[in-house]
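A.B. asks: Could you work out the structure for the sequence below:
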Amino acid sequence: MSHNQNHGFHFDNSYLRLPSCFYECVTPAAASHHEIVIFNTTLAETLGLDFSDTNPAEQAAVLSGQTQLPGGGYFAQAYAGHQFGHFTTLGDGRAIMLGEHLTPEQQRVDIQFKGAGRTPYSRQGDGKAALGPMLREYIISEGMHALGIPTTRSLAVVSTGDTVLRETPLAGALLTRVACSHLRVGIFEFAARQEGKDTLQALVDYTVQRHYPEFVNHELPALALLQTVITKQVALVVDWMRVGFIHGVMNTDNMTLSGETIDYGPCAFMDTYDPNTVFSAIDQNGRYAYQNQPPIAQWNLARFAETLLPLLSENETEAINIAQDCLSDFADQYQQQWLTMMRHKLGLLNEQPEDAELITDLLTWMHKAHADFTLTFRELSQPHQPEGEHYQTEAFQTWYARWQTRHEYNNASHEDVIALMQRTNPAVIPRNHLVEQALDAAYDHDFTPLHELLAALKTPYDNRHRAEKYKRPPLPEERVYQTFCGT
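C.D. replies: Numbering: from 1, shown residues only. Okay, here's the model as predicted:
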(Lines give C-alpha, C1' and ligand atoms only; values in the text may rest on other atoms or scores of the structure.)
Protein backbone atom coordinates (compact mmCIF):
# COMPACT_ATOMS: atom_id res chain seq x y z
CA MET A 1 0.00 0.00 0.00
CA SER A 2 1.44 3.38 -0.94
CA HIS A 3 1.77 6.20 1.60
CA ASN A 4 -1.34 7.77 0.12
CA GLN A 5 -3.45 4.65 0.31
CA ASN A 6 -2.36 4.21 3.91
CA HIS A 7 -3.26 7.91 4.48
CA GLY A 8 0.05 8.51 6.31
CA PHE A 9 -0.63 6.07 9.15
CA HIS A 10 2.57 4.55 10.47
CA PHE A 11 1.80 1.89 13.06
CA ASP A 12 4.04 0.31 15.67
CA ASN A 13 1.91 -1.41 18.32
CA SER A 14 4.24 -1.70 21.29
CA TYR A 15 1.34 -2.34 23.71
CA LEU A 16 0.75 -5.73 22.06
CA ARG A 17 4.21 -6.80 23.26
CA LEU A 18 2.91 -6.76 26.85
CA PRO A 19 1.57 -10.02 28.41
CA SER A 20 -1.65 -11.05 26.64
CA CYS A 21 -3.81 -10.56 29.77
CA PHE A 22 -3.70 -6.80 29.07
CA TYR A 23 -5.77 -6.85 25.87
CA GLU A 24 -8.11 -8.72 23.53
CA CYS A 25 -7.94 -8.41 19.75
CA VAL A 26 -11.29 -7.31 18.35
CA THR A 27 -12.91 -6.02 15.14
CA PRO A 28 -14.97 -2.81 15.01
CA ALA A 29 -18.68 -3.43 14.42
CA ALA A 30 -20.18 -2.99 10.98
CA ALA A 31 -22.82 -0.28 10.57
CA SER A 32 -25.33 0.65 7.92
CA HIS A 33 -23.97 3.96 6.65
CA HIS A 34 -20.87 5.82 7.81
CA GLU A 35 -20.55 9.53 7.21
CA ILE A 36 -18.03 12.11 8.45
CA VAL A 37 -19.77 14.60 10.74
CA ILE A 38 -16.63 16.55 11.60
CA PHE A 39 -12.95 16.08 10.81
CA ASN A 40 -10.05 17.81 12.56
CA THR A 41 -7.87 18.86 9.62
CA THR A 42 -5.34 20.73 11.77
CA LEU A 43 -4.79 17.74 14.05
CA ALA A 44 -4.55 15.39 11.05
CA GLU A 45 -1.75 17.56 9.61
CA THR A 46 0.11 17.50 12.95
CA LEU A 47 -0.16 13.71 12.93
CA GLY A 48 1.14 13.51 9.36
CA LEU A 49 -2.14 12.08 8.04
CA ASP A 50 -3.33 12.89 4.53
CA PHE A 51 -6.84 12.23 3.22
CA SER A 52 -6.62 14.70 0.31
CA ASP A 53 -6.92 11.96 -2.35
CA THR A 54 -9.65 10.09 -0.48
CA ASN A 55 -13.34 10.36 -1.23
CA PRO A 56 -15.61 11.10 1.79
CA ALA A 57 -17.04 7.56 1.90
CA GLU A 58 -13.58 5.95 2.04
CA GLN A 59 -12.43 8.48 4.66
CA ALA A 60 -15.48 7.63 6.78
CA ALA A 61 -14.73 3.91 6.37
CA VAL A 62 -11.15 4.39 7.62
CA LEU A 63 -12.20 6.60 10.55
CA SER A 64 -14.78 4.08 11.73
CA GLY A 65 -12.65 0.95 11.44
CA GLN A 66 -14.56 -0.43 8.43
CA THR A 67 -11.41 -0.36 6.28
CA GLN A 68 -8.72 -2.36 8.04
CA LEU A 69 -5.38 -0.57 7.71
CA PRO A 70 -2.08 -2.49 7.34
CA GLY A 71 -0.29 -2.56 10.68
CA GLY A 72 -3.39 -1.56 12.66
CA GLY A 73 -3.71 -3.19 16.07
CA TYR A 74 -7.48 -3.41 16.61
CA PHE A 75 -7.56 -4.37 20.27
CA ALA A 76 -9.40 -3.46 23.46
CA GLN A 77 -7.51 -2.86 26.72
CA ALA A 78 -8.19 -4.69 29.97
CA TYR A 79 -8.23 -2.66 33.19
CA ALA A 80 -9.91 -2.37 36.55
CA GLY A 81 -10.95 0.73 38.45
CA HIS A 82 -12.51 2.33 41.46
CA GLN A 83 -15.79 3.81 40.23
CA PHE A 84 -17.24 6.24 42.78
CA GLY A 85 -14.98 4.52 45.32
CA HIS A 86 -15.99 0.92 44.54
CA PHE A 87 -13.55 -1.50 42.93
CA THR A 88 -14.62 -3.29 39.78
CA THR A 89 -12.95 -5.12 36.89
CA LEU A 90 -13.49 -3.30 33.64
CA GLY A 91 -11.89 -2.90 30.23
CA ASP A 92 -12.68 -1.04 27.01
CA GLY A 93 -16.39 -1.77 26.76
CA ARG A 94 -16.94 0.44 23.73
CA ALA A 95 -13.47 1.51 22.64
CA ILE A 96 -11.21 -0.25 20.16
CA MET A 97 -7.60 0.75 19.52
CA LEU A 98 -6.78 1.28 15.87
CA GLY A 99 -3.12 1.28 16.85
CA GLU A 100 -0.10 3.30 17.93
CA HIS A 101 0.83 5.77 15.22
CA LEU A 102 4.26 7.36 14.89
CA THR A 103 4.02 11.00 13.76
CA PRO A 104 6.59 12.56 11.37
CA GLU A 105 8.36 13.83 14.54
CA GLN A 106 8.43 10.22 15.79
CA GLN A 107 6.01 10.99 18.58
CA ARG A 108 3.98 7.91 19.52
CA VAL A 109 0.22 8.37 19.90
CA ASP A 110 -2.70 6.01 20.42
CA ILE A 111 -5.50 6.26 17.89
CA GLN A 112 -8.70 4.81 19.28
CA PHE A 113 -12.30 4.43 18.15
CA LYS A 114 -14.89 5.18 20.81
CA GLY A 115 -18.35 3.71 20.20
CA ALA A 116 -17.05 1.06 17.78
CA GLY A 117 -19.18 -1.83 19.08
CA ARG A 118 -18.98 -4.67 21.56
CA THR A 119 -15.72 -6.02 22.98
CA PRO A 120 -15.05 -8.90 25.40
CA TYR A 121 -15.26 -6.25 28.18
CA SER A 122 -18.67 -4.81 27.21
CA ARG A 123 -20.62 -6.77 29.87
CA GLN A 124 -24.28 -5.79 29.28
CA GLY A 125 -23.46 -2.81 27.05
CA ASP A 126 -23.88 -2.54 23.28
CA GLY A 127 -20.47 -0.91 22.80
CA LYS A 128 -22.06 1.85 20.73
CA ALA A 129 -22.21 5.61 21.23
CA ALA A 130 -24.67 8.36 20.39
CA LEU A 131 -23.89 11.44 18.32
CA GLY A 132 -24.36 13.96 21.17
CA PRO A 133 -21.81 12.54 23.65
CA MET A 134 -19.23 12.01 20.88
CA LEU A 135 -19.60 15.60 19.68
CA ARG A 136 -19.45 16.78 23.30
CA GLU A 137 -16.07 15.05 23.72
CA TYR A 138 -14.90 16.56 20.42
CA ILE A 139 -15.89 20.09 21.47
CA ILE A 140 -14.60 19.95 25.03
CA SER A 141 -11.32 18.14 24.35
CA GLU A 142 -10.48 20.59 21.56
CA GLY A 143 -11.55 23.46 23.86
CA MET A 144 -9.25 22.15 26.60
CA HIS A 145 -6.37 21.86 24.13
CA ALA A 146 -6.83 25.50 23.11
CA LEU A 147 -6.89 26.49 26.80
CA GLY A 148 -3.41 24.93 27.09
CA ILE A 149 -4.51 22.00 29.28
CA PRO A 150 -3.08 18.50 28.62
CA THR A 151 -5.83 16.41 27.04
CA THR A 152 -6.67 13.64 24.64
CA ARG A 153 -7.64 15.08 21.24
CA SER A 154 -10.45 14.41 18.78
CA LEU A 155 -9.65 13.58 15.17
CA ALA A 156 -13.14 12.89 13.84
CA VAL A 157 -16.76 12.07 14.61
CA VAL A 158 -18.44 9.69 12.17
CA SER A 159 -22.18 8.96 12.18
CA THR A 160 -23.07 5.28 11.78
CA GLY A 161 -26.57 5.57 10.33
CA ASP A 162 -27.77 3.29 13.14
CA THR A 163 -30.02 4.08 16.09
CA VAL A 164 -28.63 3.70 19.59
CA LEU A 165 -31.12 2.97 22.36
CA ARG A 166 -30.58 4.98 25.54
CA GLU A 167 -33.42 6.66 27.48
CA THR A 168 -34.68 7.48 23.99
CA PRO A 169 -33.57 6.29 20.53
CA LEU A 170 -30.60 8.42 19.36
CA ALA A 171 -28.47 8.71 16.23
CA GLY A 172 -25.36 6.52 16.51
CA ALA A 173 -21.82 7.81 16.03
CA LEU A 174 -18.22 7.09 16.91
CA LEU A 175 -15.27 9.26 17.83
CA THR A 176 -11.66 8.85 16.74
CA ARG A 177 -9.61 9.80 19.79
CA VAL A 178 -5.89 10.58 19.92
CA ALA A 179 -3.87 10.28 23.15
CA CYS A 180 -0.24 10.13 24.27
CA SER A 181 -1.41 6.75 25.56
CA HIS A 182 -4.41 5.17 27.26
CA LEU A 183 -2.29 3.90 30.17
CA ARG A 184 -4.29 4.64 33.31
CA VAL A 185 -4.25 3.91 37.02
CA GLY A 186 -6.93 1.26 36.38
CA ILE A 187 -4.51 -0.78 34.23
CA PHE A 188 -2.12 -0.92 37.20
CA GLU A 189 -4.98 -2.00 39.48
CA PHE A 190 -5.69 -4.78 36.99
CA ALA A 191 -1.99 -5.78 36.81
CA ALA A 192 -1.63 -5.87 40.60
CA ARG A 193 -4.36 -8.52 40.77
CA GLN A 194 -2.78 -10.77 38.12
CA GLU A 195 -0.65 -13.75 39.06
CA GLY A 196 2.87 -12.77 40.03
CA LYS A 197 4.98 -9.67 40.27
CA ASP A 198 6.36 -10.11 36.73
CA THR A 199 3.15 -8.86 35.07
CA LEU A 200 3.27 -5.68 37.15
CA GLN A 201 7.00 -5.23 36.47
CA ALA A 202 6.37 -5.58 32.72
CA LEU A 203 3.72 -2.84 32.88
CA VAL A 204 5.96 -0.49 34.89
CA ASP A 205 8.87 -1.07 32.48
CA TYR A 206 6.59 -0.43 29.52
CA THR A 207 5.13 2.78 30.98
CA VAL A 208 8.56 4.15 31.91
CA GLN A 209 9.96 3.30 28.48
CA ARG A 210 6.98 4.91 26.75
CA HIS A 211 6.51 8.09 28.77
CA TYR A 212 9.52 8.65 31.03
CA PRO A 213 12.56 7.02 29.36
CA GLU A 214 14.84 9.14 31.58
CA PHE A 215 13.97 6.71 34.43
CA VAL A 216 14.91 3.49 32.62
CA ASN A 217 18.18 3.21 34.56
CA HIS A 218 16.79 4.62 37.79
CA GLU A 219 17.56 2.58 40.90
CA LEU A 220 13.78 2.21 41.53
CA PRO A 221 11.85 2.96 38.31
CA ALA A 222 8.51 2.33 40.09
CA LEU A 223 9.33 5.06 42.64
CA ALA A 224 10.38 7.55 39.96
CA LEU A 225 7.17 6.75 38.08
CA LEU A 226 5.02 7.31 41.18
CA GLN A 227 6.67 10.65 41.98
CA THR A 228 6.34 11.89 38.40
CA VAL A 229 2.71 10.85 38.00
CA ILE A 230 1.89 12.69 41.26
CA THR A 231 3.58 15.85 39.92
CA LYS A 232 1.76 15.54 36.57
CA GLN A 233 -1.63 15.06 38.23
CA VAL A 234 -1.09 18.02 40.57
CA ALA A 235 -0.37 20.24 37.56
CA LEU A 236 -3.39 18.88 35.67
CA VAL A 237 -5.91 19.40 38.48
CA VAL A 238 -4.56 22.92 39.15
CA ASP A 239 -5.23 23.64 35.46
CA TRP A 240 -8.80 22.30 35.76
CA MET A 241 -9.40 24.52 38.79
CA ARG A 242 -8.00 27.52 36.91
CA VAL A 243 -10.71 27.38 34.25
CA GLY A 244 -13.57 26.05 36.41
CA PHE A 245 -13.60 22.63 34.74
CA ILE A 246 -15.45 19.79 36.48
CA HIS A 247 -14.49 16.36 35.16
CA GLY A 248 -17.48 14.56 36.64
CA VAL A 249 -16.13 10.97 36.64
CA MET A 250 -12.74 10.95 38.33
CA ASN A 251 -12.69 7.16 38.63
CA THR A 252 -9.24 5.56 38.73
CA ASP A 253 -9.73 4.20 35.21
CA ASN A 254 -10.04 7.83 34.02
CA MET A 255 -6.67 8.96 35.39
CA THR A 256 -3.83 8.75 32.88
CA LEU A 257 -0.16 8.11 33.59
CA SER A 258 0.77 10.70 30.96
CA GLY A 259 -1.07 13.48 32.82
CA GLU A 260 -3.66 14.06 30.08
CA THR A 261 -7.34 14.75 30.75
CA ILE A 262 -9.27 11.71 29.50
CA ASP A 263 -12.90 10.69 29.18
CA TYR A 264 -15.24 13.63 28.69
CA GLY A 265 -18.47 12.11 29.95
CA PRO A 266 -20.67 14.29 32.16
CA CYS A 267 -17.98 16.99 32.32
CA ALA A 268 -18.90 20.69 32.40
CA PHE A 269 -17.55 24.16 33.12
CA MET A 270 -18.73 26.05 36.16
CA ASP A 271 -20.80 29.16 35.47
CA THR A 272 -21.72 30.73 38.83
CA TYR A 273 -18.89 30.17 41.32
CA ASP A 274 -19.81 27.52 43.87
CA PRO A 275 -17.14 25.12 45.16
CA ASN A 276 -19.78 22.38 45.59
CA THR A 277 -20.86 22.45 41.95
CA VAL A 278 -21.75 19.05 40.46
CA PHE A 279 -23.20 18.53 36.98
CA SER A 280 -23.02 14.76 36.56
CA ALA A 281 -26.43 13.08 36.81
CA ILE A 282 -24.77 9.97 38.29
CA ASP A 283 -22.77 11.79 41.01
CA GLN A 284 -25.52 11.74 43.65
CA ASN A 285 -23.31 12.61 46.64
CA GLY A 286 -21.03 15.17 45.05
CA ARG A 287 -17.96 12.95 45.31
CA TYR A 288 -16.53 14.62 42.20
CA ALA A 289 -17.69 18.21 42.88
CA TYR A 290 -15.39 21.07 41.81
CA GLN A 291 -13.69 21.50 45.20
CA ASN A 292 -13.32 17.73 45.70
CA GLN A 293 -11.15 17.23 42.62
CA PRO A 294 -7.81 17.72 44.41
CA PRO A 295 -8.52 15.27 47.29
CA ILE A 296 -9.99 12.74 44.82
CA ALA A 297 -6.86 12.98 42.67
CA GLN A 298 -4.83 12.22 45.80
CA TRP A 299 -7.15 9.31 46.66
CA ASN A 300 -6.71 7.90 43.13
CA LEU A 301 -2.95 8.27 43.40
CA ALA A 302 -3.04 6.34 46.69
CA ARG A 303 -4.70 3.47 44.78
CA PHE A 304 -1.90 3.76 42.19
CA ALA A 305 0.76 3.70 44.92
CA GLU A 306 -0.81 0.53 46.43
CA THR A 307 -0.36 -1.32 43.14
CA LEU A 308 3.36 -0.46 43.12
CA LEU A 309 4.16 -1.61 46.69
CA PRO A 310 5.78 -4.94 45.64
CA LEU A 311 8.20 -2.99 43.41
CA LEU A 312 9.07 -0.27 45.95
CA SER A 313 10.68 -2.63 48.47
CA GLU A 314 10.88 -6.32 49.39
CA ASN A 315 9.90 -5.22 52.89
CA GLU A 316 6.19 -4.38 52.99
CA THR A 317 6.43 -1.86 55.85
CA GLU A 318 9.25 -0.04 54.09
CA ALA A 319 7.30 -0.06 50.80
CA ILE A 320 4.27 1.48 52.55
CA ASN A 321 6.45 4.17 54.13
CA ILE A 322 8.00 5.06 50.76
CA ALA A 323 4.54 5.31 49.16
CA GLN A 324 3.14 7.40 52.03
CA ASP A 325 6.05 9.83 51.81
CA CYS A 326 5.29 10.37 48.12
CA LEU A 327 1.56 10.80 48.71
CA SER A 328 1.99 13.23 51.60
CA ASP A 329 3.90 15.40 49.15
CA PHE A 330 0.73 15.78 47.03
CA ALA A 331 -1.02 18.24 49.36
CA ASP A 332 2.06 20.52 49.64
CA GLN A 333 2.67 20.47 45.89
CA TYR A 334 -0.99 21.14 45.18
CA GLN A 335 -1.30 24.01 47.67
CA GLN A 336 1.84 25.70 46.31
CA GLN A 337 0.86 25.33 42.66
CA TRP A 338 -2.74 26.35 43.30
CA LEU A 339 -1.54 29.53 45.05
CA THR A 340 0.84 30.31 42.18
CA MET A 341 -1.98 29.78 39.67
CA MET A 342 -4.38 32.01 41.64
CA ARG A 343 -1.68 34.68 41.94
CA HIS A 344 -1.40 34.64 38.15
CA LYS A 345 -5.18 34.90 37.81
CA LEU A 346 -5.00 38.06 39.95
CA GLY A 347 -1.80 39.46 38.49
CA LEU A 348 0.28 39.03 41.64
CA LEU A 349 3.85 38.69 40.42
CA ASN A 350 5.65 37.76 43.62
CA GLU A 351 4.75 36.22 46.96
CA GLN A 352 3.34 38.25 49.83
CA PRO A 353 2.14 36.78 53.15
CA GLU A 354 -1.42 38.12 52.73
CA ASP A 355 -1.96 36.56 49.26
CA ALA A 356 -3.81 33.43 50.41
CA GLU A 357 -6.27 35.52 52.42
CA LEU A 358 -6.78 37.99 49.56
CA ILE A 359 -7.56 35.09 47.17
CA THR A 360 -9.89 33.30 49.62
CA ASP A 361 -11.78 36.52 50.35
CA LEU A 362 -12.43 37.09 46.64
CA LEU A 363 -13.71 33.51 46.21
CA THR A 364 -15.96 33.91 49.28
CA TRP A 365 -17.38 37.13 47.84
CA MET A 366 -17.91 35.46 44.43
CA HIS A 367 -19.79 32.58 46.06
CA LYS A 368 -22.07 34.90 48.06
CA ALA A 369 -22.64 37.22 45.08
CA HIS A 370 -23.37 34.29 42.70
CA ALA A 371 -20.70 35.76 40.44
CA ASP A 372 -19.74 34.02 37.21
CA PHE A 373 -16.34 32.33 37.63
CA THR A 374 -14.90 32.94 34.14
CA LEU A 375 -16.37 36.39 33.65
CA THR A 376 -15.30 37.76 37.05
CA PHE A 377 -11.62 36.94 36.48
CA ARG A 378 -11.79 38.18 32.91
CA GLU A 379 -13.34 41.48 34.02
CA LEU A 380 -10.62 41.86 36.67
CA SER A 381 -8.11 41.39 33.82
CA GLN A 382 -9.19 44.64 32.14
CA PRO A 383 -7.18 47.84 32.68
CA HIS A 384 -10.13 49.54 34.48
CA GLN A 385 -12.37 48.69 37.43
CA PRO A 386 -15.16 46.28 36.40
CA GLU A 387 -18.68 47.67 36.03
CA GLY A 388 -21.88 45.98 37.04
CA GLU A 389 -24.25 46.00 39.97
CA HIS A 390 -22.52 43.41 42.17
CA TYR A 391 -19.18 45.22 41.74
CA GLN A 392 -20.72 48.32 43.37
CA THR A 393 -21.24 46.58 46.74
CA GLU A 394 -19.19 47.61 49.73
CA ALA A 395 -17.82 44.06 50.11
CA PHE A 396 -16.36 44.07 46.61
CA GLN A 397 -15.12 47.68 46.77
CA THR A 398 -13.24 46.93 50.00
CA TRP A 399 -11.64 43.83 48.48
CA TYR A 400 -10.77 45.73 45.28
CA ALA A 401 -8.96 48.44 47.26
CA ARG A 402 -6.88 45.78 49.08
CA TRP A 403 -6.06 44.14 45.75
CA GLN A 404 -4.94 47.46 44.23
CA THR A 405 -2.69 48.08 47.24
CA ARG A 406 -1.20 44.58 46.88
CA HIS A 407 -0.29 45.38 43.24
CA GLU A 408 2.10 48.06 44.52
CA TYR A 409 4.46 45.22 45.58
CA ASN A 410 4.59 43.81 42.05
CA ASN A 411 7.66 45.65 40.73
CA ALA A 412 6.17 45.38 37.23
CA SER A 413 4.35 47.62 34.80
CA HIS A 414 0.56 47.69 34.74
CA GLU A 415 0.74 46.35 31.15
CA ASP A 416 2.77 43.30 32.25
CA VAL A 417 0.28 42.54 35.02
CA ILE A 418 -2.71 42.79 32.64
CA ALA A 419 -0.91 40.62 30.07
CA LEU A 420 -0.25 37.89 32.67
CA MET A 421 -3.89 37.93 33.77
CA GLN A 422 -5.20 37.76 30.22
CA ARG A 423 -2.93 34.77 29.48
CA THR A 424 -4.30 32.98 32.57
CA ASN A 425 -7.99 33.91 32.51
CA PRO A 426 -9.83 32.80 29.36
CA ALA A 427 -12.50 35.01 27.83
CA VAL A 428 -14.17 32.03 26.17
CA ILE A 429 -14.76 28.50 27.54
CA PRO A 430 -17.03 25.72 26.25
CA ARG A 431 -20.05 27.04 28.14
CA ASN A 432 -22.52 24.24 28.88
CA HIS A 433 -25.54 25.98 27.35
CA LEU A 434 -23.64 26.65 24.11
CA VAL A 435 -22.43 23.05 23.95
CA GLU A 436 -25.99 21.78 24.47
CA GLN A 437 -27.35 24.15 21.80
CA ALA A 438 -24.73 22.90 19.32
CA LEU A 439 -25.55 19.24 20.13
CA ASP A 440 -29.33 19.79 19.81
CA ALA A 441 -28.82 21.44 16.42
CA ALA A 442 -26.53 18.59 15.30
CA TYR A 443 -29.25 16.02 15.99
CA ASP A 444 -31.38 18.10 13.58
CA HIS A 445 -28.54 17.96 10.97
CA ASP A 446 -27.65 21.62 11.51
CA PHE A 447 -23.89 21.77 12.15
CA THR A 448 -23.48 25.56 11.91
CA PRO A 449 -23.66 26.19 15.72
CA LEU A 450 -21.06 23.41 16.21
CA HIS A 451 -18.58 24.95 13.75
CA GLU A 452 -19.14 28.48 15.07
CA LEU A 453 -18.57 27.33 18.66
CA LEU A 454 -15.39 25.44 17.72
CA ALA A 455 -14.09 28.53 15.91
CA ALA A 456 -14.67 30.69 19.00
CA LEU A 457 -12.97 28.11 21.26
CA LYS A 458 -9.76 28.11 19.16
CA THR A 459 -8.56 31.41 20.66
CA PRO A 460 -9.92 31.44 24.22
CA TYR A 461 -7.59 34.15 25.57
CA ASP A 462 -8.14 36.54 22.67
CA ASN A 463 -9.78 39.83 23.59
CA ARG A 464 -11.12 40.47 20.12
CA HIS A 465 -13.90 37.90 20.16
CA ARG A 466 -16.59 39.68 18.20
CA ALA A 467 -19.50 37.45 19.21
CA GLU A 468 -20.54 38.46 22.72
CA LYS A 469 -22.65 35.31 23.15
CA TYR A 470 -19.51 33.15 23.59
CA LYS A 471 -18.34 35.29 26.50
CA ARG A 472 -21.50 35.92 28.44
CA PRO A 473 -22.88 33.57 31.11
CA PRO A 474 -26.14 31.72 30.38
CA LEU A 475 -29.46 33.47 30.92
CA PRO A 476 -31.52 31.83 33.70
CA GLU A 477 -33.56 29.85 31.15
CA GLU A 478 -30.37 28.67 29.35
CA ARG A 479 -28.66 27.20 32.40
CA VAL A 480 -27.67 23.54 32.27
CA TYR A 481 -27.90 21.83 35.65
CA GLN A 482 -27.16 18.21 34.72
CA THR A 483 -24.98 16.42 32.22
CA PHE A 484 -25.00 12.73 31.30
CA CYS A 485 -22.22 10.34 30.40
CA GLY A 486 -23.94 8.77 27.40
CA THR A 487 -23.20 5.10 28.12
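
A.B. asks: Now the most centrally placed residue in the chain: closest residue in space that isn't a chain neighbour?
C.D. replies: What sits nearest the mean C-alpha location of the chain, by CA atoms, centre = their mean, is residue 261, with 2.4 Å. Spatial nearest neighbour of residue 261, excluding adjacent residues (CB to CB, 6 or more residues apart in numbering): residue 151 at 4.3 Å. Every residue, glycine included, has its C-beta placed from N, CA and C.

A.B. asks: Thought residue 260 was touching the one you found, still the case?
C.D. replies: Yes. The pair residue 151 and residue 260 qualifies as a contact (CB atoms under 8 Å) at a distance of 5.6 Å.

A.B. asks: These two - which one has more neighbours?
C.D. replies: residue 151 (25 against 21; other CB atoms under 10 Å).

A.B. asks: Could you check how far the more buried one is from residue 379?
C.D. replies: For residue 151, the distance to residue 379 equals 27 Å [CB to CB, to the nearest Å].

A.B. asks: what's the answer for residue 456, then?
C.D. replies: Looking at residue 456 against residue 379, where the rule is CB to CB, the gap reads 18 Å.

A.B. asks: Kindly report the same for residue 246.
C.D. replies: 22 Å.

A.B. asks: just residue 141 next, same as before
C.D. replies: In terms of CB to CB, residue 141 sits 27 Å off from residue 379.

A.B. asks: which one of these two has more residues nearby?
C.D. replies: Each of residue 141 and residue 379 has its neighbours counted (other CB under 10 Å); residue 141 has more, 27 against 18.

A.B. asks: how about the helices in the protein?
C.D. replies: 41-47, 56-62, 131-146, 185-192, 197-211, 221-243, 293-312, 316-345, 355-369, 373-380, 394-407, 414-424, 432-443, 448-457 (DSSP state H).

A.B. asks: Centre of the chain to the longest one, how far?
C.D. replies: Put plainly, it is helix 316-345. Offset of helix 316-345 from its chain centre (CA atoms, centre = their mean, to the nearest Å): 21 Å.

A.B. asks: just the last one next, same as before
C.D. replies: With CA atoms, centre = their mean as the basis, the distance from the averaged C-alpha position of helix 448-457 to the chain average is 20 Å.

A.B. asks: contacts for that helix?
C.D. replies: 38, 135, 139, 142-143, 146, 428-430, 434-435, 437-439, 441-442, 465, 467, 470 (CB atoms under 8 Å, 6 or more residues apart in numbering).

A.B. asks: And the pLDDT for residue 464?
C.D. replies: For residue 464, the pLDDT comes out at 78.

A.B. asks: Counting neighbours, what do you get for it?
C.D. replies: Residue 464: 6 neighbours (other CB under 10 Å).

A.B. asks: Looks like the residue nearest to the centre of the chain contacts residue 246 (just checking).
C.D. replies: No. Assessed by CB under 8 Å, residue 261 is found out of contact with residue 246, at 11.6 Å.

A.B. asks: any shared contact partners between the two?
C.D. replies: residue 240.

A.B. asks: Any of the contacts of helix 448-457 buried? List them.
C.D. replies: Neighbour counting by 16 or more other CB atoms under 10 Å classes 38, 135, 139, 142-143, 146, 428-430, 434-435, 437-439, 442, 470 among the contacts of helix 448-457 as buried.

A.B. asks: From the contact counts, what lies against the one helix or strand in the chain whose mean pLDDT sits lowest?
C.D. replies: Across the helices and strands of the chain, mean confidence by mean pLDDT, DSSP states H and E is lowest for strand 86-89: a mean of 90. If you count contacts as 3 or more CB pairs under 8 Å, 6 or more residues apart in numbering; DSSP states H and E, strand 86-89 packs onto strand 80-83.

A.B. asks: ok, residues contacting the strand it packs on?
C.D. replies: Contacts of strand 80-83 (CB under 8 Å, 6+ apart): 87-90, 184-186, 189-190, 193, 249, 251-254, 300, 303.

A.B. asks: Of those, select the buried ones using a ChimeraX command.
C.D. replies: ChimeraX command restricting the contacts of strand 80-83 to the buried ones, with burial defined by 16+ other CB under 10 Å:
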select :90,184,185,186,189,190,249,251,252,253,254,300,303
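
A.B. asks: any low-confidence regions in the stretch 351-487 of the chain?
C.D. replies: Applying pLDDT under 70 to the stretch 351-487 of the chain flags the ranges 465, 485-487.

A.B. asks: if you set the cut-off to 90 instead, what comes out?
C.D. replies: 383, 411, 463-468, 476-487 (pLDDT under 90).

A.B. asks: Could you count how many residues lie near residue 205?
C.D. replies: By the criterion of other CB under 10 Å, residue 205 has 15 neighbours.

A.B. asks: just checking, what's the longest strand in the protein?
C.D. replies: Taking DSSP state E as the criterion, the chain has its longest strand at strand 153-165.

A.B. asks: And the average pLDDT for it is what?
C.D. replies: Mean predicted confidence for strand 153-165 is 95.
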